[in-house]
Each structure stands twice: as structure tokens, then as C-alpha cells.
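**Q** Sequence first, then the predicted structure:
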Amino acid sequence: MKTNSRFLFTAALGLALAFTFSCSTDSDLSPKSNESGPSSGTFEDIRDGKIYRWNKIGGQVWLENLNYARGGKCYGEGGPVALVDNGHIYDQITLTNAQIQNNCDRYGRLYDWVTAMALSSSCKTNRCSSLIFANHQGICPSGWHIPSNAEWAKLYHYVDGTNYVEGISGTEYKSLTAGKYLKATKGWDSNGNGIDTYGFTALPGGTGMESRDLGLDLLYASGGTYGRWHTSSEGNATSIFFWAIDYDSDAASWNTNLNKSDYFFSVRCVKN
């Protein structure tokens, strides 16, 4: 592989590390208490019989990472895993079938955007906003949908105790503390665990990337360090919104700077 390709790939994976804080806040930044009534339970996806845990947070009900096989990839499936140091890929390893299956059981699957949204492959390079609806089901089970930017923002604002304003202005959003409240209490590298206040149990499923310039169908990186999730909100003809939580920060953020066709991220579903 060429050195500059290595650098560009790993740099792209870290885009969500340095965003501008752009939301109004209360003087009290502690997380809010959860609402009364059942706050967690289990759900069976009748398509394949898989059982998921759900949690009710601020009026929203969230499933854990989706692990539905149609079109998805387990971390390390179909391509090598990049070993990264100081922003450079210094080696690649191929995971065993057992390791790949363990990643699927632990993190769920990774999906490219059009697969997550159940849209035509033509939407990788064309605007498809006319095909995206409120409560867009995509690859989620019946009765659930891919969360929009506004729904992710509502979650972040709720757990970090800040005011929530419907919609997002600008091109970047960041909560300085939501990551701490949403991350699992174990499973993040370098003791980057959270306190999982609401049972969201965010895990660092890493990313997959199509790497044609490197002669690879897929290259994986950042399992254990980064969590990246899709939204139903289209960026433009070629870009996607994604939400990000990292091992070395209490923050949580979103950005639009990645190409629709290149990246495979985790999927969380929200109840209609």
C-alpha cells in the first residue's frame, strides 16, 4: 500500500474527533433522571429470531446494535483489519472465522448507508431525499426505524442535561459529555469506558471502508476504539451523516464529511 493512502484512510476514520461545540446549555449539565414506567426489555426480530435488548430513554425506545444478516458485514468479514499507530497503518491482520463471529455477536453488523436505508445502489451517488420518509424503516425490524439526526440529537441532549432544540443548524454538532453517559462500562480500549447511565451500552464496533485504491474490497479499523452509527438524514448526493463516540473522550458528535458508498457503520433502531 502507498503511504499517503494509509494516512488518508486513518485520517478519515478520525474525522469525528475535533468538532465545534454548537448547542445551547443549561447551567446544570448533569444527566436527567429517566421517566417512570418500564425502561428496558427484550424484543424478538421475527425475521431471524434474534433477541435484542431495548431501553427507553427520554421518551425514545432504542434497540442495541442491529445484527441482521441481509447485506451487513461482521467486523473483519471479507477484508483485513488495519493496525494503526499515530495515524498510520503499520500492518494488517486477517481474523479467524471464530473472531469474526465473536465480533458480530458482540458489536452487531456494519452496513453501508444504502443497505441500512434499504435504498437502491443509485442512491450512493444521487440525492434520494424523496425516497426517505419519517420513521424510515430501512433495514430495521417492522415497527422500528433508522434514527434521524433530530432523534440522535434528542438522545444526546437528554442524557447530557442540555436544552434540546428541534433540528440542527450548521454542519457540526457535539455534546461534551453525552459519550460518558452512553458508553458501556466495559469493552472500550485504554480504559475509555463510560458509566452507561441509561443502559444504552454504546460499544466500539469500529468501521469498514471500501478501499479500491488499496486493492481491497473492505478494510476494517478502530474496533475497540470508535463507535460510528448511521442516520436516516442524507447529507448531499454523495455524503452521509454519522454519529460518533470515541474511547478517549466523554464527548459525542456528528459530521457529514464521509462518502455514502465507502463506509460501513453500526445501526441502532428506534421504535416508531
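**A** Thanks, I have it. Residues are numbered from 1 along each chain as shown.

**Q** what number of residues lie near residue 237?
**A** Around residue 237 there are 13 other residues, counting by other Cβ atoms under 10 Å. C-beta: built from backbone N, CA, C; applies to glycine.

**Q** what about the helices in the stretch 151-272 of the chain?
**A** Secondary structure of the stretch 151-272 of the chain, counting by DSSP state H, counting those that start in this stretch: helices at 178-182.

**Q** Quick one: low-confidence residue ranges for it.
**A** Applying pLDDT under 70 to the stretch 151-272 of the chain picks out residues 164-172, 212-215.

**Q** these two touch, right, residue 121 and residue 114?
**A** Yes - with contacts counted by Cβ atoms under 8 Å, residue 121 reaches residue 114, the gap being 5.9 Å.

**Q** Which of the two has more residues huddled nearby?
**A** residue 114 (19 against 11).

**Q** which SS state does that one fall under?
**A** Assigned with DSSP: H, G, I helix; E, B strand; the rest coil, residue 114 falls in the helix class.

**Q** Would you mind confirming that it is in contact with residue 126?
**A** No - using Cβ under 8 Å, residue 114 is not in contact with residue 126; the gap is 10.5 Å.

**Q** can you confirm residue 139 is in a strand?
**A** No - according to three-state DSSP, residue 139 belongs to no strand; its state is coil.

**Q** Next up, the contacts around it.
**A** Going by Cβ atoms under 8 Å, 6 or more residues apart in numbering, residue 139 touches 66, 68, 70-72, 111, 115-118, 146, 267.

**Q** let's go with 7 Å and repeat that
**A** By Cβ atoms under 7 Å, 6 or more residues apart in numbering, residue 139 lies in contact with 66, 68, 70, 111, 115-116, 118, 267.

**Q** any idea how far it lies from residue 239?
**A** In this structure, residue 139 and residue 239 are 20 Å apart, going by Cβ to Cβ, to the nearest Å.

**Q** go on, residue 70?
**A** 24 Å.

**Q** same question, residue 210
**A** Distance from residue 210 to residue 239, by Cβ to Cβ: 15 Å.

**Q** Residue 64 now?
**A** Counting by Cβ to Cβ - residue 64 and residue 239 are separated by 27 Å.

**Q** ok so, going back, quick one, which of residue 70 and residue 239 is more surrounded?
**A** The residue with more neighbours, out of residue 70 and residue 239, is residue 239; 15 against 11, by other Cβ under 10 Å.

**Q** Look up the closest residue to the more buried one, ignoring the ones flanking it.
**A** Leaving aside its chain neighbours, residue 239 sits nearest to residue 256 (5.2 Å; criterion: Cβ to Cβ, 6 or more residues apart in numbering).

**Q** And the strands in this structure?
**A** Remark: strands assigned in the chain by DSSP state E are 40-44, 51-57, 60-63, 81-85, 88-93, 144-145, 173-175, 207-211, 216-221, 226-234, 239-246, 252-259, 263-264, 270-271.

**Q** Burial check on residue 125, number of neighbours?
**A** Residue 125 has 11 neighbours, counted by other Cβ under 10 Å.

**Q** In contact with it, which residues?
**A** The neighbours of residue 125, taking Cβ under 7 Å, 6+ apart as the test, are 237-238.

**Q** same question, residue 39
**A** Taking Cβ under 7 Å, 6+ apart as the test, what residue 39 contacts is 55-56.
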